[in-house]
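>>> sequence plus the predicted model coming up.
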Amino acid sequence: MRTRREFLQKITYSAMVLPLLPSWQFGSFRIDNEPYDGPVLRVAIMGLGGYGTRVAQAMKACKKAKLVGVISGTPAKIKEWQSKYQIPEKNCYNYENFDDLKNNPDIDAVYVITPNALHHDQVIRAAKAGKHVICEKPMGLNAKEGEEMVRACKEAKVKLLVGYRLHFEPKTLEVVRMRQNGDFGKILFFQGQCGFRIGDPNQWRLDRALAGGGSLMDIGIYAVNGARYMVGEEPIWATAQEMKTDPVKFKEGVDETILFQLGFPSGAVSSCLSTYNMNNLDRFFLNGEKGFAEMQPSTGYGPIEGRTHKGTFTQQHVTHQTIQMEEMASIILEGKEPIISVDGEEGLRDLKIIDAIYKSCQTGERVELV
Ligand code: NDP
């Protein structure tokens, strides 16, 4: 039996240590400094660019996920990452030889963080090498690609997840919880405004061959995806209008600004803006018969801020990519069901809506989604 003294010592220790911990809670787990000896998802990152670097950094705080490998076209980056993350030579690949992953039992999953147009082939090759795949948004360039990716991963019996980090973000989940609880009453309207003013005209994001489009593929997708998880329904129609102020920077097939509307089975509607031409545009607004939620910023790396008709959010900020990777490890290793899905079907639903938005921009017609 524990003595009172041992008990008090433990309390004092906890009280001393707690404020020092990266102590946030989500669902059933908590990342702290307690030792963890459960299963760990061993991840190789493909594409060591801006976002890959952020994910790698954030994964250092994970207990259930660990960066153990890299796939890159830049040998100098591989060397740098090897020394920064203690990555052995046998876990380093390039875009030509990464099919050899099938002979590497020390890597469980590949996280594809390359330009959009490369996702389709890279995901399918990683799946064929027998690895689970996490793929950045947009999962592919269109629904056809998405369907092929989902099918390939099913056939290879590996999981396909999409890097929808906000699906694990505590304030976002609080809005979803309140909606499910009926706190907003019948949902009537969602507004998603997502954009930034894009710089360097020579970057891949402005090259249709690599980006597959423009602002909608890159940033507007947050409003597409957000409309679905905020309203809690799948849209049945889309209408959209495209505007371009700079046809030199935003060439044919690279959208600068798109306004789009989605209609839902309950009668709820959403009105969204996607742009590469305005800063400070990161806002979600959900309106129901009994209340509202307002988030600004709503999709950036955070902290996400905002309020509902019941008051301001009190949930603690967490590093999005840390909680995402911790949760994705649980999904892959333990079969955990996330509150908002992040699987390939989820990525595919967004691609179908993006196809419909582009089609509506071209035809001027309303596009039915069912
Ligand atoms: P970067 O340009 O910063 O990095 C992309 C990396 O991909 C490059 O550094 C390079 O890495 C590799 N690559 C392979 N082939 C090419 C090529 N032909 N042209 C350019 N790069 C190539 O892009 P980001 O990291 O910002 O974006 C990558 C993906 O991540 C995109 O799909 C984007 O939508 C997504 N993303 C998601 C975010 C989120 O919050 N979920 C945020 C930002 C981006 P190497 O030299 O190692 O081969």
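Everything's here; your move.

>>> roughly how far apart are residue 268 and residue 237?
12 Å (Cβ to Cβ, to the nearest Å). No exception for glycine: its C-beta is placed from N, CA and C like everyone else's.

>>> the more surrounded of those two?
residue 268 (22 against 16; other Cβ atoms under 10 Å).

>>> list the contacts for the more buried one?
Contact partners of residue 268, counting by Cβ atoms under 8 Å, 6 or more residues apart in numbering, are 186-190, 231, 233.

>>> the nearest residue to it once chain neighbours are set aside bridge partners, please.
Excluding the flanking residues, the one nearest residue 268 by Cβ to Cβ, 6 or more residues apart in numbering is residue 187, at 4.8 Å. Beta-bridge pairing of residue 187 under DSSP bridges involves residue 288.

>>> so which bits of the stretch 201-350 of the chain are right by the ligand?
204, 210, 218 (Cβ under 6 Å from any ligand atom).

>>> quick check: the second one touching residue 217?
No. Counting by Cβ atoms under 8 Å, residue 217 is not a contact partner of residue 210; they are 10.3 Å apart.

>>> what touches both of those two?
Counting by Cβ under 8 Å, 6+ apart, the residues touching both residue 210 and residue 217 are residue 116.

>>> any idea how far the residue of the stretch 201-350 of the chain found nearest the ligand is from residue 133?
Scanning the stretch 201-350 of the chain for the residue nearest the ligand gives residue 204, at 4.7 Å (criterion: Cβ to the nearest ligand atom). Taking Cβ to Cβ as the measure, residue 204 falls 21 Å from residue 133.

>>> what about these two, which has more around it?
Using other Cβ under 10 Å as the criterion, residue 204 and residue 133 rank with residue 133 on top: 29 against 16.

>>> which is the next helix or strand following the helix or strand encompassing that one?
Taking DSSP states H and E as the criterion, residue 133 maps to strand 132-135. Sequence order places helix 143-155 as the next helix or strand after strand 132-135, per DSSP H and E.

>>> looking at this, residue 126 is in a helix?
Yes. Counting by DSSP: H, G, I helix; E, B strand; the rest coil, residue 126 is found in a helix.

>>> tell me how many other residues surround it.
Applying other Cβ under 10 Å, I find that residue 126 has 31 neighbouring residues.

>>> so which of the contacts of residue 268 wins on neighbours?
Within the contacts of residue 268, most neighbours by other Cβ under 10 Å means residue 190, with 26 neighbours.

>>> where does it land on pLDDT?
pLDDT for residue 190: 99.

>>> and the one 4 residues further on, by the same measure?
In this prediction, residue 194 carries a pLDDT score of 98.

>>> now it: which helix or strand?
strand 187-195.

>>> list the buried ones in the very next helix or strand once past that strand?
Sequence order places helix 208-211 as the next helix or strand after strand 187-195, per DSSP H and E. By neighbour count on 16 or more other Cβ atoms under 10 Å, the buried set for helix 208-211 is 208, 211.

>>> also stretch 192-200?
192-196, 198.

>>> any chance you could map the strands in the stretch 151-300 of the chain?
All strands of the stretch 151-300 of the chain, identified by DSSP state E, counting those that start in this stretch, fall at 160-162, 187-195, 237-243, 257-263, 269-275, 281-288, 292-295.

>>> deepest in the core, which of those strands is it.
Ranked by mean neighbour count, the strands of the stretch 151-300 of the chain are led by strand 160-162 with a mean of 28 (mean count of other Cβ atoms under 10 Å).

>>> any idea of the mean pLDDT in it?
On average, strand 160-162 scores 99.

>>> how about that strand and the ligand, touching?
No. Between strand 160-162 and the ligand, judged by Cβ under 6 Å from any ligand atom, nothing touches; the nearest distance is 9.0 Å.

>>> report all helices and strands that that strand contacts.
strand 132-135, helix 143-155, helix 320-334, helix 344-363 (3 or more Cβ pairs under 8 Å, 6 or more residues apart in numbering; DSSP states H and E).
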